[in-house]
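**Q** Dropping a prediction and its sequence here:
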Amino acid sequence: MGESRVGDQEVHCVLFESAGPQNTERTLALAMQRVRTLGLCDIVVASTTGDTGARAAELFQGLNVVVVTHSTGFKEPNTQELLPENRERILAFGGHVLTCQHAFGGLARAVRRKLGTYELDEIVAFVLRMFGQGIKVACEITAMAADAGLVPTGAEIIAIGGTGRGADTAAVIRAANAQDLFDLRVLEVLCKPRL
């Protein structure tokens, strides 16, 4: 992939005092501001119960909004945490819902649980968490959405994640598939907790 060349830019980054859902509205507003400035059309947002995803689908209506959920069975077997009413809201606002295995989990997590050893994808997740849980989530859901064909690889997108519930992190990311993860680029961090 070729690197695009642009002149020096000064980009505002908000560092939240604490992590969590109290930052959701501000995170979405900061993401919207950058979407408008850069003319982006692809937004990927993590959402567990769908509250954040539905709000993002409403706010970014008319754009390509991909709401990435936990995989079914993530917390309890045969259980999906995305609430049906939030799924309906996301779809009504024109968003997409992506439910699949996590890019930095899945089979490796099964190996860890059974054999007590970490696999490569979980080590990558630990490294990304050094920048914050939300940055790890943003990178992971970007790869997942690219793998599903819901965002184009090589394109600049906005990825929104969080620490636990809600959204507290937003970044501009150049999308890549999971198998090409090292081509993924975090181009800008718009906001994150200062932890």
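**A** Done, it's in.
**Q** Tell me the helix or strand right after the helix or strand of the chain with the lowest mean pLDDT.
**A** Scoring the helices and strands of the chain by mean pLDDT, DSSP states H and E places helix 107-115 at the bottom, with a mean of 80. Downstream of helix 107-115, the next assigned helix or strand under DSSP states H and E is helix 120-129.
**Q** Distance-wise, check residue 41 relative to residue 65.
**A** Computed as C-beta to C-beta, to the nearest Å, the residue 41 to residue 65 distance reads 10 Å. All C-beta spots, glycine's among them, are computed from the backbone N, C-alpha and C.
**Q** the more surrounded of these two?
**A** Each of residue 41 and residue 65 has its neighbours counted (other C-beta atoms under 10 Å); residue 65 has more, 26 against 17.
**Q** what's around the nearest residue to that one once chain neighbours are set aside, how many residues?
**A** In space, and not counting its chain neighbours, residue 65 is closest to residue 95: 4.0 Å by C-beta to C-beta, 6 or more residues apart in numbering. Neighbour count for residue 95, taken as other C-beta under 10 Å: 25.
**Q** so how far is residue 155 from residue 95?
**A** Separation of residue 95 from residue 155 (C-beta to C-beta): 18 Å.
**Q** do the same with residue 64
**A** Here the criterion is C-beta to C-beta. By it, residue 64 lies 10 Å from residue 155.
**Q** can you list residues touching both of these two?
**A** residue 42 (C-beta atoms under 8 Å, 6 or more residues apart in numbering).
**Q** With neighbour numbers in mind, choose between these two.
**A** residue 64 (19 against 15).
**Q** Would you mind confirming that the more buried one makes contact with residue 45?
**A** No. Using C-beta atoms under 8 Å, residue 64 is not in contact with residue 45; the gap is 11.4 Å.
**Q** pLDDT below threshold where in the chain?
**A** Within the chain, the segments meeting pLDDT under 70 span 1-6.
**Q** quick check, distance from the longest strand seen in it to the centre of its chain.
**A** Using DSSP state E to define each element, the chain has its longest strand at strand 185-193. Centre-to-centre, strand 185-193 and its host chain are 11 Å apart (C-alpha atoms, centre = their mean, to the nearest Å).
**Q** so what does that strand touch, helix or strand wise?
**A** Under the contact definition 3 or more C-beta pairs under 8 Å, 6 or more residues apart in numbering; DSSP states H and E, strand 185-193 sits against strand 14-16, helix 24-38, helix 133-147, strand 169-174.
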